[in-house]
Structures are given as structure tokens and as C-alpha cells.
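Novice: fold the stuff below for me.
(chains A and B)
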Amino acid sequence: MNVNSNQEDLLTVPHRLTASWREPAGVFVNRMLLAMRDKAELWAVKCPICERILFPPEIVCAMCKVRIEDKDENWVRLGNEGTVLKFYHVTGSREVDPSTGWHPKGQTFNPIGLIMPDGGNKWTVMAHVLEETDTSKLYDGIRVKAVWKKREERQGLMSDIKFWSIVEVEK
Amino acid sequence: MSAAAPEEILISERNFDSIFSYTAGTVRSKFLTEIRDNKKIVGTKCRRCNTVWVPARSTCVKCFESLKDFVEVSDRGTVTTYTVINVHQTFYPMNPPFVLAIIQLDGADTGFVHFIGETDPEDIKVGMRVSAVFKEDRKGSVLDIKYFKPI
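Specialist: Next up is the predicted model:
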């Protein structure tokens, strides 16, 4: 018996993998999400050694390899406004998702900003949605403000912030 | 901001669903087309260590030889071990409870994973003899073998 090299006899094997699970966020991120949901506040932690301010909060500083203790002095409240360091905008049509057939027809995407909230330092950067879709009005360093969903719509998710809108700066 | 009282724990529900396909390659395609067209189960035999691999594979795991020699093995074999599946997953081809077994076919040196049917899970024993039941409508899949039934 030999390998049949006839192209028609080369088969493909269909597959489907599914998994469902429930996942807690961990002590620090859980508390951060609760503060977002209940108080519309952003909380980060500060490494006591290198003083990096980390959002989302991490339980171990990845640079110093020290445990950040759950103490009041290690928690830092970030402001509701911030500075856009950089932003990107996905435009144009995307391909059909090959596994689900889903296609974002007619969907508009908002630019994503790398935002440094006030109260953070250069290590405090979060990626989030910008309201302004006209990128000609955006620039690096532009000031933005978090727009929160209403209390009853907030679920303890990053999307509890609807988007960040441009703050008009008086000249 | 540190914890004063027991806190609520947020739990996120995650669902993963991936539909995909892969090309079987020449050797596995041969294995599948022999089941589809001829109701035969074939393996590959290693020239160096003489191990017969079923399902047919292109490389010997023991000595890394390229395997080119196909050998037909029996559609009868012996149950090496088995388990009863009771919890449903979306990608299962049938509803639980059903039995998954590793079957060493006569002429093969390795185990072949498949279902056992036409019997109660309680009646299955390690070492019992089984034979393949082929589907009438075969499509070139390992599921063209419906299951193995006790002899």
C-alpha cells in the first residue's frame, strides 16, 4: 500500500472546540472593578520600592519582584481626566471571521487611546476608547475626560467607562 | 482603599467556541479514505522498530523514522482501557452517557481511541473483544466507524 498522492484524496478534518468557565479577577483587580462600578473611581497601586503606579493594579511588582501589600498607602486614586500619549484607529472593512462568519458590516470603530490618567506616573497607561472618531482632531498629548455609564448600567467592567471625550482647554 | 470588610467577588462568565479545520496530510488522509472507501483500517509500520501505528502516522514516535509502509490491521481488537463520559460538551458527536475506549486492534501495537456501543457501560471490561461497526454513509472521517461493539 502506498500513499495516495491524488489531490482529491487529501482530506481536511473539521473540528470544533468549546469551553465555558467562570473566572474571578483576583483581589486587587476585583477591588478596582468594584470601585469603578460603585463609585466611578479609578484606583491603582504603587510599588513601595520603585514607585511605579500600576493600573490595572498588580499584586506583585513585575520589576522589583516584591509583593505589593494591601495597605492604604499602596493604593493611589487616579483622576477622572488624563492625557492621550498615543492613539490608533482601525478603519476600512475587515475580513469575515472565518470561524463564525461574523462580519462587522456598517460598524464604526472608535480610535483607541493609550491614556495616562492624572495621578499616575509614566508607568500608568491604559488603553481605552476615545469618543472622537475624527482623528484629525486628535493629537498626542490631548487632554481627555472619562465619561461613565449610569450607575445602574455599570457592571464592574472596563466598559463601565463609556469612552474618553476631549476636554476643551482654554487658551 | 484596603479591605475593611468582606468584599463582593465579581465573577466573569467566559465562553470559548472555535470552529476550524486542518488538512489531514497524505498519511492520515490515506487512513481516512481506506475507512471510507474500503471499510479497512490501516496503520503504518516502522522499518526500524517494527511498531505498527494505528491510526496511521507519518513519523515513528519511538525512533523518529519516516513511516511509508502501510499495513492493514483487523477491524477487531481488545479494549485496553475505557472511561464513561457523563458530562456533555458541545463538540461531542453524541449525548452522554457514552463510553470512550482505547482499543488495540489485532495487528497493531498501539491503542486506537473510539466509542463502544451496543452494550451497557457496566458490562464493559478491560480485555474484552470488540469489532468495528461502520456507517453506511461514510464521509472520510474517523466517525465513519460508528463505534466498536462487543463480539
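Novice: run me through the strand neighbours of the strand ranked longest in chain B, direction for each.
Specialist: Longest strand in chain B by number of residues, with DSSP state E as the criterion: strand B:11-23. Note on strand B:11-23: by DSSP bridges, its sheet partners are strand A:12-24 (antiparallel).
Novice: against which helices or strands is the following helix or strand past the strand it pairs with packed?
Specialist: The element immediately downstream of strand A:12-24 (helix or strand, assigned by DSSP states H and E) is helix A:27-39. Packing partners of helix A:27-39 (3 or more Cβ pairs under 8 Å, 6 or more residues apart in numbering or on different chains; DSSP states H and E): strand A:42-46. (Glycine included, C-beta is placed from N, CA and C.)
Novice: quick one on the thing from earlier: what about the helix or strand just after the longest strand of chain B and chain A, any contact?
Specialist: Later in the chain than strand B:11-23, the nearest helix or strand by DSSP H and E is helix B:25-38. Yes. Using Cβ under 8 Å from any Cβ of the partner chain, we find that helix B:25-38 touches chain A at B:25, B:26, B:27, B:28, B:29, B:30, B:32, B:33.
Novice: how near is the last one to residue B:77?
Specialist: Read it as residue B:33. Distance, residue B:33 to residue B:77, by Cβ to Cβ, to the nearest Å: 21 Å.
Novice: middle-most residue in chain B, spatially?
Specialist: residue B:113 (3.1 Å; Cα atoms, centre = their mean).
Novice: and the nearest residue to residue B:37 once chain neighbours are set aside, what element?
Specialist: Using Cβ to Cβ, 6 or more residues apart in numbering or on different chains and skipping residues adjacent in sequence, the residue nearest residue B:37 is residue B:138, 7.9 Å away. Using DSSP H and E, residue B:138 maps to neither a helix nor a strand.
Novice: residue B:138: how many residues sit nearby?
Specialist: Residues contacting residue B:138 under the criterion other Cβ atoms under 10 Å in any protein chain shown number 18.
Novice: state the distance from it to chain A.
Specialist: As judged by Cβ to the nearest Cβ, to the nearest Å, residue B:138 and chain A stand 12 Å apart.
Novice: what about residue B:73, distance to residue B:40?
Specialist: From residue B:73 across to residue B:40, the span is 9 Å (Cβ to Cβ).
Novice: got a list of contacts for the least confident helix or strand in chain B by mean pLDDT?
Specialist: One helix or strand of chain B scores below all others by mean pLDDT, DSSP states H and E: strand B:11-23, with a mean of 86. Residues outside strand B:11-23 that contact it (Cβ atoms under 8 Å, 6 or more residues apart in numbering or on different chains) are A:10-25, A:98-100, B:90.
Novice: give me the buried subset of those residues.
Specialist: Listed as buried from those are A:10, A:11, A:13, A:25; burial here means 16 or more other Cβ atoms under 10 Å in any protein chain shown.
Novice: the second one against residue B:27, yeah?
Specialist: Put plainly, it is residue A:11. No. Counting by Cβ atoms under 8 Å, residue A:11 does not reach residue B:27; the two are 11.1 Å apart.
Novice: tell me how many other residues crowd residue A:45.
Specialist: 25.
Novice: quick one: it from residue A:120, how far?
Specialist: Applying Cβ to Cβ to residue A:45 and residue A:120 gives a distance of 11 Å.
Novice: can you check residue A:91 too?
Specialist: 29 Å.
Novice: which of those two has more neighbours?
Specialist: residue A:120 (23 against 11).
Novice: now that one. Nearest residue, chain neighbours left out?
Specialist: Nearest residue to residue A:120 in three dimensions, chain neighbours excluded: residue A:53, at 4.8 Å (Cβ to Cβ, 6+ apart).
Novice: could you check how many residues crowd around residue B:83?
Specialist: So residue B:83, with other Cβ under 10 Å, has 11 neighbours.
Novice: that one sits in which helix or strand?
Specialist: Here residue B:83 sits within strand B:76-85, counting by DSSP H and E.
Novice: can you list the buried residues in that strand?
Specialist: B:76, B:77, B:78, B:79, B:82, B:85.
Novice: near chain A, which of those residues show up?
Specialist: Counting by Cβ under 8 Å from any Cβ, no member of these is near chain A.
Novice: from those, which is closest to residue A:128?
Specialist: Minimum distance to residue A:128 across the buried residues of strand B:76-85 is 43.5 Å, recorded for residue B:85 (Cβ to Cβ).
Novice: do you know how far that closest one is from chain A?
Specialist: Counting by Cβ to the nearest Cβ, the gap from residue B:85 to chain A is 15 Å.
Novice: my read: that residue touches residue B:94, true?
Specialist: No. Residue B:85 is beyond contact range of residue B:94, at 9.2 Å (criterion: Cβ under 8 Å).
Novice: ok, residue 109 - contacts?
Specialist: Just so you know, I chose chain A. Residues near residue A:109 by Cβ under 8 Å, 6+ apart: A:89, A:90, A:91.
Novice: nope, chain B please
Specialist: Contacts for residue B:109 (Cβ under 8 Å, 6+ apart) come out as B:51, B:52, B:53.
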